[in-house]
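Chemist: the sequence and its predicted three-dimensional model are supplied below.
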Amino acid sequence: MRKSLFVFLALAMTSCSAYQQVATISPKSSNVSLNDNGQLQCVKQAITITYDFWSAGGYCTFLVENNSGEDISLDLGRSFFVNNGYAHDYFQNRTFGYGRSVANASKSTIGGMFGRSSSVSLDYGYAGMEDSFKSVVGQTLTNAVASSSSTSVSYDEKDVVVIPAHSQKVFGEFRIADGAYRECGLGQRPAAGKKYVKTYSMSETPFEIENRLMFVVGGADVPVNNVFYVSEIANAPINSITEKIDAEDCSGRKPNIKYNIYGAPFRYYLNYTPSTYDDKVKGEKAVSIKKDGATAKTSSVRSAANKTAKADKATKTTKSTSKAK
């Protein structure tokens, strides 16, 4: 792993919460698979959509690549984020503003780039995150802010966003969860070095999300619907799943930077403090924490993706047989 410092400047945030919940996201629709970088990805015609959920609450951040020689458009007015059946509009007819002073520009500028006014928290990153599209955007904005003057800029939100030929843009607006998920059998206070884990099938999942996007290519509508579900939730002590990174900046300083051993683009986290009620919840047997996070081959997600593909293939075969009869 490269020891690039810039990506971790926003990662060394501390928390008074002693525990962290880490959720794993698996594909439900057959048009999504896991690429070699551990990112959930969809390819349709000349469009590649790559997802990175790793953030507090699981912001659905995605990179759209136009691999064609012509401009394409994403119609946000006809695109929606659907969380457990509730649809949210990507286009909300807002006016964004950001300052160009060093003192206050970073937060709102990064938010504007991602399509929302709040900052993007990359607390406790994952191994390899310095190569992700999130870090590239963050670095570009940081450099731009540091060299600009004290002025302000405002602009209206566009309902149709053009993605030029052979280029890419990042989008993100909504997150999956606002707080830690609680359920009978899912213990909240695991001992050091232990974690409570609960797995879910597609039909039993507590969270099912859809990213419904409407592209316009050559004047024709190209709809894309990517469906995901939370397949696993784990609760663990923060200190047991975070490790310090041995990195230094150009001056030789070594800041206190940590990353999550379970951190990955197909996961998200939430820090939490157990309540008195949680003490009465009898959790399943705790299991030992093993370092498999971003360095693993993401077998659980790949397994879910394979099951989805097989099920989709079986359905198509059944339909074909019926037609033949």
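Modeler: Ah, there it is.
Chemist: backbone phi and psi for residue 158, please?
Modeler: Its backbone dihedrals place residue 158 at phi -100, psi 140, with angles given as degrees, to the nearest 10.
Chemist: ditto for the one 3 residues further on
Modeler: Here is the backbone geometry of residue 161 (degrees, to the nearest 10): phi -110, psi 130.
Chemist: so what's it bridging to?
Modeler: Following DSSP bridges, residue 161 is listed with bridge partners residue 74.
Chemist: would you confirm that it contacts residue 169?
Modeler: Yes: checked against Cβ atoms under 8 Å, the pair residue 161 and residue 169 is within contact range at 6.7 Å. C-betas here are computed from N, CA, C, even on glycine.
Chemist: common neighbours of the two, please.
Modeler: Counting by Cβ atoms under 8 Å, 6 or more residues apart in numbering, the residues touching both residue 161 and residue 169 are residue 74.
Chemist: which strand residues bridge the closest residue in space to residue 231 that isn't next to it in sequence?
Modeler: Distances taken as Cβ to Cβ, 6 or more residues apart in numbering place residue 26 nearest to residue 231, at 4.0 Å, with adjacent residues excluded. Using DSSP bridges, the beta-bridge partners of residue 26 come out as residue 229.
Chemist: go on, residue 153?
Modeler: Applying DSSP bridges to residue 153, the residues it is bridged with are residue 98.
Chemist: what pLDDT does it get?
Modeler: At residue 153, the predicted lDDT confidence score is 80.
Chemist: ditto for residue 274
Modeler: Each residue has a pLDDT score; the one for residue 274 is 87.
Chemist: swap in residue 310?
Modeler: Here the pLDDT value assigned to residue 310 is 55.
Chemist: go on, residue 123?
Modeler: The predicted structure scores residue 123 at 46 on the pLDDT scale.
Chemist: show me where pLDDT drops low in the stretch 51-200 of the chain?
Modeler: Flagging of the stretch 51-200 of the chain using pLDDT under 70 yields the residue ranges 99-151.
Chemist: that one: helices as residue ranges?
Modeler: Across the stretch 51-200 of the chain, reading from the start of the chain, the helices by DSSP state H, counting those that start in this stretch fall at 105-113, 133-146.
Chemist: so where do the helices sit in the stretch 201-325 of the chain?
Modeler: 238-241, 299-324.
Chemist: so what touches the shortest one?
Modeler: Defining contact as Cβ under 8 Å, 6+ apart, one finds that helix 238-241 is touched by 15, 17-20, 22, 192-195, 260-262, 271, 289.
Chemist: on that earlier part again, quick check, the residue nearest to residue 231 in contact with residue 227.
Modeler: No: under the contact definition of Cβ under 8 Å, residue 26 does not touch residue 227, with a separation of 10.2 Å.
Chemist: comparing those two, which residue is more hemmed in?
Modeler: Legend: neighbour count by other Cβ atoms under 10 Å for residue 26 and residue 227, higher for residue 26 (25 against 18).
Chemist: which members of the contacts of helix 238-241 occur in strands, if any?
Modeler: 19, 20, 22, 194, 195, 260, 271 (DSSP state E).
Chemist: let me know the pLDDT of the first one.
Modeler: In this case it means residue 19. According to the model's per-residue confidence, residue 19 sits at a pLDDT of 94.
Chemist: against residue 36, how distant is it?
Modeler: For residue 19, the distance to residue 36 (Cβ to Cβ, to the nearest Å) stands at 32 Å.
Chemist: can you check the fourth one too?
Modeler: Computed with Cβ to Cβ, the distance linking residue 194 and residue 36 is 32 Å.
Chemist: and the contacts of helix 238-241, which are buried?
Modeler: When the contacts of helix 238-241 are checked for burial by 16 or more other Cβ atoms under 10 Å, the buried set is 19, 20, 22, 194, 195, 260, 261, 262, 271, 289.
Chemist: so who does the residue nearest to the fifth one when sequence neighbours are not counted touch?
Modeler: Right, the one you point to is residue 195. Closest residue in space to residue 195, ignoring its immediate chain neighbours: residue 236 at 3.8 Å, by Cβ to Cβ, 6+ apart. Neighbour list for residue 236: 19, 20, 22, 190, 194, 195, 196, 262, 289 [criterion: Cβ under 8 Å, 6+ apart].
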